[in-house]
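K.L.:
Show me how the following folds:
(one chain, ligands or ions: 1)
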Amino acid sequence: MSVVAAEVSKWAVRNVSFELPPGSVTALVGANGSGKSTLLNVLAGHLPADSGHTALAGRVAYVPQHKPMYRNFKVADVLQFGRRMNKVWDNDRADGWLDRFKVPRRLQIGDLSGGQRTHVTLALALGSRPDVLMLDEPLSELDPLARRKVMRELLTLVNDNGMTLVFSTHVVAEIGGVADRLLLLADGRLIVDGDTDELLEEHVLYTGPRVTEPPVEGRVVLAKHSKSQSSYLVRSGGTQIDEPWTARFVTLEELVVAHLERAA
Ligand SMILES: Nc1ncnc2c1ncn2[C@@H]1O[C@H](COP(=O)(O)OP(=O)(O)OP(=O)(O)O)[C@@H](O)[C@H]1O
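P.N.:
Below is the predicted model:
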């Protein structure tokens, strides 16, 4: 395993355990204040856990949500800084990232746009050739095209170098086809931990006449009722169902929202 959390507690985060295999891409999702940043900070060693322990294999790079950087540094100085601060430094990789996203080298950090600053912090993190890269809401300041391009480039690094990627996000629509694992936090507790494809296969939404019991066995994640209709999102249900009921798989976004609604 390249990332292990064992019964980690810190502030709102309570007893969180999971294991992430090398080369996996994990999306960490949860409502505001659910503990995503706290958990990432503990994993990165920036905060001590109150209890439990973590283990990360290899070189670790972490880009926090607020991307702290010296505002008076020029972009070129940041690369220089990266070279001096890291035992392993891949300048071509860092420089290449800035090139691809057209970040002007002569400007000071304080004069860059939010998105450009994001690219500088990503270049700095990637230049250290991490085995584990953790990003706290990396896409929040990027335009829609840049968001796609960044994820594509990061996935290429995962595929080519076996890097393990963990990122927190609120944009669940963007994790489909990107993340192969999902960690869902609610109120500091881990309510979903699994392979995204398996989770999608396990969750089935049944819609039919209004009833008080679901039409199949399985764990009901969420039930909704209107005047004449009921719908049940069931985990570990099957798709075989008699009329007038219909069954369909859900999107990752629907799955996440249902679990969050249930936990709220
Ligand atoms: N120094 C602290 N002492 C105690 N609790 C804290 C401290 N700092 C943060 N918290 C609490 O920890 C909880 C989790 O915050 P955290 O920033 O980890 O959530 P988050 O999921 O990243 O939220 P968001 O999506 O809004 O960024 C919040 O309730 C926050 O108030």
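
K.L.:
What about the residue of the stretch 51-200 of the chain found nearest the ligand, how many residues nearby?
P.N.:
Going by CB to the nearest ligand atom, the ligand is nearest to Q65 of the stretch 51-200 of the chain, at 6.0 Å. (C-beta placed from N, C-alpha, C; glycine too.) Using other CB atoms under 10 Å, Q65 has 15 other residues around it.

K.L.:
cool, and the one 10 residues further on?
P.N.:
Around V75 there are 22 other residues, counting by other CB under 10 Å.

K.L.:
just checking, it touches K102?
P.N.:
No. V75 lies out of contact with K102 (CB atoms under 8 Å); the separation is 11.4 Å.

K.L.:
Now the residue of the stretch 51-200 of the chain closest to the ligand: closest residue in space that isn't a chain neighbour?
P.N.:
In this structure, Q65 finds its nearest non-sequential neighbour in D136, 4.1 Å apart by CB to CB, 6 or more residues apart in numbering.

K.L.:
beta partners of that neighbour?
P.N.:
Beta bridges link D136 to S168 when assigned by DSSP bridges.

K.L.:
List the residues that contact it.
P.N.:
K36, S37, L40, Y62, V63, P64, Q65, F167, S168 (CB atoms under 8 Å, 6 or more residues apart in numbering).

K.L.:
Next one: the third one from L222, what distance?
P.N.:
Between L40 and L222 the distance, using CB to CB, to the nearest Å, works out to 28 Å.

K.L.:
same thing with the fourth one?
P.N.:
According to CB to CB, Y62 stands 34 Å off from L222.

K.L.:
just the fifth one next, same as before
P.N.:
Using CB to CB, one obtains 34 Å as the distance from V63 to L222.

K.L.:
what's the answer for the first one, then?
P.N.:
Counting by CB to CB, the gap between K36 and L222 amounts to 22 Å.

K.L.:
Neighbour count: these two, which is higher?
P.N.:
Here K36 and L222 are compared on neighbour count by other CB under 10 Å; more neighbours surround K36, at 25 against 18.
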